[in-house]
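1. give the three-dimensional model of this entry:
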Amino acid sequence: MGVSLDTSVLQARRDGPAPETAPAQTAESKAMSLKFEIQPTANPTPETERAARLVDPGFGRIFTDHMAIVRYNQAKGWHGARVESRANFPLDPALAVLHYAQEIFEGLKAYTRDDGGVNLFRPDANAKRFHNSADRMAMAPIPAPVFIEAVEQLVRIDRAWIPGGEGSLYLRPFMIASEVFLGVKPSSEYIFAVIASPVGSYFKGGPAPVSIWVSENYTRAAVGGTGAVKCGGNYAASLRAQAEGIDHGCDQVVFLDAVERRYIEELGGMNVFFVFDDGSLLTPPLGTILPGITRDSIIALAKDSGTRVREEAYTIDQFRADAASGRLKEAFACGTAAVISPIGKVCSASGDFLISGGVAGPVAMGMRKKLVDIQYGRTNDPHDWIRKVI
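-> Numbers count the residues shown, from 1 in each chain. Okay, the predicted model is just below:
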C-alpha cells in the first residue's frame with residue numbers, strides 16, 4: 001500500500017486496553033458535563049442581506065453565521081466546546097482525514113412552529129446513529145448529550161436564519177480525524193462540529209414523482225462493510241452510479257445487493273418503500289443499508305394506523321412484475337432532505353416501467369403530510385419525537 005502500518009496499535013487492539021487508558025467511563029462522564037462557551041460573531045450578516053438570501057435559499061449553498069465545535073485528543077478527551085463565528089479550519093496536508101477518510105456526519109433539521117418556537121425532530125436518534133458510525137469507523141464517540149447540546153446551541157444563536165413557510169434549518173454535525181500522521185491507524189485526535197444551512201421546500205409546487213436508474217455496474221455496500229454508516233466514502237462511491245443515472249435522464253439511482261445483484265437496497269441517498277394492493281408496506285431490511293431516521297419514523301406511523309410493514313428482501317425482477325400486474329400500487333423514497341419522494345418511473349438496461357401511472361400516490365403523500373405536520377408541531381406527537389429548542 002505504500003504507507004507505514006503502526007503495528008503497536010494493532011498489538012494493543014489484540015491485547016486490550018492498557019491499564020492507564022482503562023477508565024473510559026470517567027472521560028465520557030467528563031465530556032457529558034461540558035459547558036459550551038458562546039462567542040457571537042463580531043460581523044453578523046446584515047438583516048437585509050440575510051432576508052434576501054432566505055427568499056430562495058435552495059439546498060446547502062447558504063450558511064449561517066456560526067458553528068459549534070468540540071475537540072478531542074487522547075490526553076484531554078472531549079474539550080473546548082464552544083459556539084463561534086463560522087470559519088475555515090486550518091488543515092495540515094498530513095491530516096489523517098485527508099488520507100484515510102476517517103470521517104462521519106449526520107443531517108437533521110430545525111423547524112419553526114406556528115407559535116414562533118423552534119422544533120428539532122428526533123435529534124436523539126441522530127446522536128445514536130452518529131455514535132454507531134463512530135464506533136464502526138474506529139473514531140472517538142461523542143456522548144449524545146454533547147451532540148444534542150451542540151445542535152441546540154447553534155439553533156438558538158442562528159434561529160433568525162430559519163426560512164418561513166415550508167423552509168427549515170438544515171443542520172450538519174460531522175466529525176473528522178485531525179491527527180497529523182501518515183501511518184495507518186485510528187486517529188488520536190478529532191474535530192466535531194455542527195454547521196447550519198437554511199433550506200427552502202425541497203419541492204417547488206409540491207412533491208413530484210422522481211425517476212430512478214437501476215445500477216447494474218456499481219454497488220453501494222456489502223455485508224461487513226460500511227453501508228450502515230453515514231460516512232462520506234459511501235456517498236463518494238455512489239456518485240459515478242448517480243452520474244450514470246443522470247446520463248439516462250433519471251433523477252436518482254437505486255442500488256442492488258453486492259452479491260447476487262438482484263435485491264433492491266436503497267437509493268443513492270435515500271431509503272425506499274413499496275406499497276401493495278393489500279395496503280401493506282415493504283422496505284428492504286437493515287444490514288447493508290443506512291438505518292434512516294425517516295425510514296424508522298414511517299414504519300412507526302404506519303404501524304400506528306394498523307398497516308402491516310414488512311422488512312424483507314425484494315428483487316428488481318419482482319419489482320418489475322408487481323408494477324406490471326398492478327399488485328404494486330406505489331413506491332417512494334425517504335430521507336431528511338425531501339422527507340418523501342414518490343417514485344414514478346424506473347429505468348434500466350433491461351427496459352423502463354411506470355409505477356401507478358407515474359403519478360404521486362395517496363399513501364406516500366398522506367405519510368409525508370403526517371411527518372411534516374409532526375415536525376412543524378401542527379399535530380400531536382404520539383412518539384415524543386419533537387424536542388423544543390425554543
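2. where do the strands sit along the stretch 151-300 of the chain?
-> 168-177, 189-199, 210-215, 252-256, 264-267, 271-276, 281-283 (DSSP state E, counting those that start in this stretch).
3. direction included, what does the second one pair against?
-> For strand 189-199, the pairing partners within the sheet under DSSP bridges are strand 66-73 (antiparallel), strand 168-177 (antiparallel).
4. could you list the low-confidence segments of this protein?
-> With pLDDT under 70 as the threshold, the chain has low-confidence stretches at 1-30, 203-206.
5. helices of that one, start to end?
-> Under the criterion DSSP state H, the chain carries helices at the ranges 7-15, 24-32, 47-54, 96-100, 123-136, 144-157, 232-247, 293-304, 316-325, 362-375.
6. now do the nearest residue in space to residue 100 that is not next to it in sequence against residue 74, distance only.
-> Leaving out its chain neighbours, the residue that sits closest to residue 100 by Cβ to Cβ, 6 or more residues apart in numbering is residue 184, at 6.6 Å. Any C-beta I mention is one placed from the backbone N, CA and C, and that applies to glycine too. As defined by Cβ to Cβ, to the nearest Å, residue 184 lies at a distance of 18 Å from residue 74.
7. please apply the same query to residue 290.
-> Residue 290 is 29 Å from residue 74, by Cβ to Cβ.
8. higher neighbour count, those two?
-> Neighbour comparison, residue 290 and residue 74: the larger count goes to residue 290, with 23 against 12 (by other Cβ atoms under 10 Å).
9. still on that earlier bit, distance to residue 155 for the strands of the stretch 151-300 of the chain - can I get that in TSV?
-> Below are the strands of the stretch 151-300 of the chain laid out as TSV (distance: least, Cβ to Cβ, whole Å):
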stretch	distance to residue 155
strand 168-177	7
strand 189-199	7
strand 210-215	30
strand 252-256	29
strand 264-267	28
strand 271-276	26
strand 281-283	30
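10. closest one to residue 231 among those?
-> Distance to residue 231, taken as Cβ to Cβ, is lowest for strand 168-177 among those, at 9.9 Å.
11. send the alpha carbons of the closest one over as PDB?
-> What follows is strand 168-177, C-alpha atoms only, in PDB (Å, rounded to 0.1, in the frame of the first residue of the first chain):
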ATOM      1  CA  SER A 168     -36.200  24.800   7.700                       C
ATOM      2  CA  LEU A 169     -32.700  25.000   9.000                       C
ATOM      3  CA  TYR A 170     -30.600  22.000   7.900                       C
ATOM      4  CA  LEU A 171     -28.000  21.000  10.400                       C
ATOM      5  CA  ARG A 172     -24.900  19.100   9.600                       C
ATOM      6  CA  PRO A 173     -23.000  17.600  12.500                       C
ATOM      7  CA  PHE A 174     -19.800  16.000  11.400                       C
ATOM      8  CA  MET A 175     -16.500  14.600  12.800                       C
ATOM      9  CA  ILE A 176     -13.100  14.400  11.100                       C
ATOM     10  CA  ALA A 177      -9.800  12.700  12.100                       C
END
